[in-house]
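Q: Okay, here's the prediction I keep looking at, along with the sequence it came from:
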Amino acid sequence: MGQDWFNLAINDHPDVTSEVKKVMTNGRLPSKESPMCVEISLKTSEGETMVLETWCLGMNDRVDPNAKVTYAVYNRIGMLLKSLLSVTRVTPAYQLSRKQGTDFIMCYKVYFGEVRFQELGEGFQSLRVGSIGTPVGSITLSAAYRIKLTLPEKQQVMVQSNHFSSEFARVPSDQLDGALPCVPGVHGVFDLTAEARHHIAEQIASATETEVTRSSTLSSNTPPSSAHKVSTTTPPPSIRRISQESSNAIKQKMNRLASSSKPINCAKTRTKGAFVSSPGSPDVSMLPNLSSTPPFASLLRNGDDNKPGSLPSDNILKNSPAAIHRRDSSSDKMDGGGRPSTVQAPPVPSQLGWDDDFVMVELKPAFASHSGTSTGDLGSFFRECQTAPPLSLFQDTEVVSLDNIMDRLDGELCSFRENAFKFDELLADLQQT
Amino acid sequence: MNARSQVFELSVEGRQIEEAILSIFHSILLHRTSGKFNYKREGSYSIGTVGMVDVDCDFVNSTFVRVDSDDLHRALKRQVAEFRESLKSPEGLRSGQISLEFYQKKKARWPFGMENIPWEIWTVKLNVVTLANEHERQICREKVGEALAEKIICIAGVMNRPEYVPKCQINRTLQMFLM
């Protein structure tokens, strides 16, 4: 009781919540300069899109110095939200959204910036849901919606040309995300774009700075319907910021893990050491995640060790004094020419908390030679499981060749033909009775 | 008394009467409903949560949001049904109005017990039309839907004006008035 914000039982949609939080990075809030907009658009199965309505939460200069934030403003926000709930049901887009399915789906996009009225076609309607005076200005909630619901010709081209307009350039966060489907679990062509987008988002999340251009060029592989939303060769500032944040997060993680004072360089050089045959190969950045995971990194290094020129990273390592601390144990092992058949212990595994993984790797089912009894058992068990015995039913049918089937069919047909008069009699009988 | 008053006018078909009024009154009641007050001790209370449900109309192209309270819905529906019957009766009143009145209860002077002082009155004036064929019905369905949308936007506008709303008291109640 009373635990809900604004005393309203509004169900949060996790996807939407995370999307909005993404847009509101660094606690960005709607301001006088840039309101926050939610654009609802329709996307047909042919990939055409049409913006239906835009809801806009903004601020203006009308200051109400006497308004008490608790609880007058709070209560009025509750009232405003009730109005919003009522009004969202009466726009044409809502009626359409109830009919969405295979022909079209509804999408949403959250961004900071002005409402793009030109997207709403001729004679669009606007409505004011309400405004609330606060000591720092009034919170306003309004909407604009399309009246003409027929899809114009070459809508796609229009959207594209608008995309590069100067107004669009002012809202870089716009380009971070395309419109997302409003209904979860809508499958089909649209899923692909969503998947691609998630893939991009993951890439960004795990990216280091150098990878940003890669992920954005990758995004241009998405279907044309959404490509215009993200196909920029230079990453917008917001993406760059996220990547910086994520690398910061990695740095922090490394800080915690390693005891050395400057583990950042170390992390980078380790990345290259594990996957690169020659320094400066552009493929390095493809697998940034794995490299930070000691078990796999050391496994792969086993393969690299066979090549004589596989230690350029170690040279780099030795040149960088900060890295030495971290690499002490493993590089010692290599220098000593230790047999690499057992998995190299990463620096202080217990400290890293990956002990369990290491138990698994030492079993090595994938690399198992048949000498070890326990691993051999495991290997054969795996093989048995992978190739389940075929059902006897199917085995029987396999034995019967096509010729046999044809012969049998021939015989059956002949017998039917011979007995045709019997069937006729039966039919006549039935008709009489 | 200086009660605020809002009047909505609509032309509807007989079978649309109920849904038209319910969508308007429920939208109003949604705004005017607060969560349950839980009094802890003197002067201190917490407010509960208001739940909501969507209602799709059968005879109008419209959806409205109502407070998720079956009791409230039943009470409203009963009164609206009475109103509908009086309009649809054969002797034929073809138009009528129904009001939703919000009032405060105050102690009056002796010998009167309690006095009801309205502070906001919402009135819907209905004109019942008869339609000849299905085609006209289809048009009416959309037209009434659009009209209701307009009314609901209007309600939102009125509700969000910084106007007088009496302070919540324990005895605050709502009552319908049939006219």
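A: Structure received.
Q: Excluding residues flanking it in the chain, which one is nearest the residue in chain B positioned nearest to chain A?
A: Scanning chain B for the residue nearest chain A gives B:N160, at 2.7 Å (criterion: CB to the nearest CB). C-beta: built from backbone N, CA, C; applies to glycine. Closest residue in space to B:N160, ignoring its immediate chain neighbours: A:G130 at 2.7 Å, by CB to CB, 6 or more residues apart in numbering or on different chains.
Q: Give the helix, strand or coil label for that neighbour.
A: Secondary structure assignment for A:G130 (DSSP: H, G, I helix; E, B strand; the rest coil): strand.
Q: Return the distance of it relative to A:S83.
A: Here A:G130 is placed at a distance of 6 Å from A:S83 (CB to CB, to the nearest Å).
Q: joint contacts of those two?
A: Both A:G130 and A:S83 are contacted by A:L141, B:A156, B:M159, B:N160, under the criterion CB atoms under 8 Å, 6 or more residues apart in numbering or on different chains.
Q: Which ones among the residues you listed lie within strands?
A: A:L141 (DSSP state E).
Q: Show me the two of the shared contacts of A:G130 and A:S83 that sit farthest apart.
A: A:L141 and B:M159 (12.3 Å; CB to CB).
Q: Burial check on the residue of chain B closest to chain A, number of neighbours?
A: 21 (other CB atoms under 10 Å in any protein chain shown).
Q: Tell me who's in contact with it.
A: Contacts for B:N160 (CB under 8 Å, 6+ apart) come out as A:R76, A:M79, A:L80, A:S83, A:V129, A:G130, A:S131, A:I132.
Q: ok, of the residues you listed, which one's closest to chain B?
A: Distances from chain B to these, taken by CB to the nearest CB, are shortest for A:G130, at 2.7 Å.
Q: Contact residues of chain B facing chain A?
A: B:27, B:30-31, B:34-36, B:38, B:46-52, B:54, B:56, B:61-65, B:68, B:145, B:148-149, B:152-153, B:155-157, B:159-162 (CB under 8 Å from any CB of the partner chain).
Q: From those residues, which land in strands?
A: Per DSSP E, the subset of the residues of chain B next to chain A in strands is B:N38, B:S46, B:I47, B:M52, B:D54, B:D56, B:T63, B:F64, B:V65.
Q: which residues in chain B form helices?
A: Residue ranges of the helices in chain B, as given by DSSP state H, are B:17-32, B:70-88, B:134-159.
Q: same deal with the stretch 51-200 of chain A?
A: With DSSP state H, counting those that start in this stretch as the criterion, the stretch 51-200 of chain A has helices at A:74-88, A:92-97, A:155-163, A:166-169, A:173-176, A:189-205.
Q: What helix or strand is A:S380 located in?
A: For A:S380, the host element (DSSP states H and E) is helix A:373-386.
Q: Enumerate the residues of the stretch 1-150 of chain A near chain B.
A: Counting by CB under 8 Å from any CB, the stretch 1-150 of chain A sits next to chain B at A:1-4, A:7-10, A:76, A:79-80, A:82-87, A:89-91, A:94-95, A:98, A:127-133.
Q: Quick one: low-confidence residue ranges for chain B.
A: Scanning chain B for pLDDT under 70 picks out B:1, B:41-43, B:92, B:168-179.
Q: tell me, what residue is most central in it?
A: B:F25 (1.9 Å; CA atoms, centre = their mean).
Q: didn't B:D58 look like it was pressed against B:L22?
A: No - in this structure B:D58 lies outside contact range of B:L22 using CB atoms under 8 Å: 11.3 Å.
Q: more neighbours, those two?
A: Neighbours were counted for B:D58 and for B:L22 using other CB under 10 Å; B:L22 has more, 20 against 10.
Q: Give me the neighbour count for the closest residue in space to that one that isn't next to it in sequence.
A: Spatial nearest neighbour of B:L22, chain neighbours left out: B:V80 (5.9 Å); criterion: CB to CB, 6+ apart. Using other CB under 10 Å, B:V80 has 21 neighbouring residues.
Q: Show me the beta-bridge partners of A:S131.
A: Under DSSP bridges, the beta-bridge partners of A:S131 are A:T140.
Q: An error on my part: the question was meant for B:E115.
A: Applying DSSP bridges, one finds that B:E115 bridges with B:K106.
Q: next one: phi and psi at the nearest residue to A:Y74 once chain neighbours are set aside?
A: Leaving aside its sequence neighbours, A:Y74 sits nearest to A:F6 (CB to CB, 6+ apart; 7.0 Å). With angles defined as degrees, to the nearest 10, A:F6 sits at phi 60, psi 20.
Q: Model confidence for A:Q3, exactly?
A: Model confidence at A:Q3, given as pLDDT, is 64.
Q: Same question for A:V183.
A: Residue-level pLDDT assigned to A:V183 equals 60.
Q: between the lengthiest strand in chain A and helix A:74-88, how many degrees?
A: Longest strand in chain A, counting residues (DSSP E): strand A:49-60. Strand A:49-60 runs at 160 degrees relative to helix A:74-88, counting by axes from the mean of the first three to the mean of the last three CA atoms, to 10 degrees.
Q: pLDDT (mean, whole number) over strand A:49-60?
A: Averaged across strand A:49-60, the pLDDT comes to 92.
Q: Can you redo the shared contacts of A:G130 and A:S83 as JSON lines, where the extra columns are distance to A:N419?
A: As requested, the shared contacts of A:G130 and A:S83 are arranged in JSON lines below (distance: CB to CB, whole Å):
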{"residue": "A:L141", "distance to A:N419": "81"}
{"residue": "B:A156", "distance to A:N419": "80"}
{"residue": "B:M159", "distance to A:N419": "83"}
{"residue": "B:N160", "distance to A:N419": "85"}
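Q: any idea which of the shared contacts of A:G130 and A:S83 is closest to A:K21?
A: Of those, the one sitting nearest to A:K21 (CB to CB) turns out to be A:L141, at 19.6 Å.
Q: rewinding a little: separate out the buried members of the residues of the stretch 1-150 of chain A next to chain B.
A: A:4, A:7-8, A:76, A:79-80, A:82-87, A:89-91, A:94-95, A:127, A:129-133 (16 or more other CB atoms under 10 Å in any protein chain shown).
Q: how close does A:L409 get to B:Q104?
A: Applying CB to CB, the value for A:L409 to B:Q104 is 90 Å.
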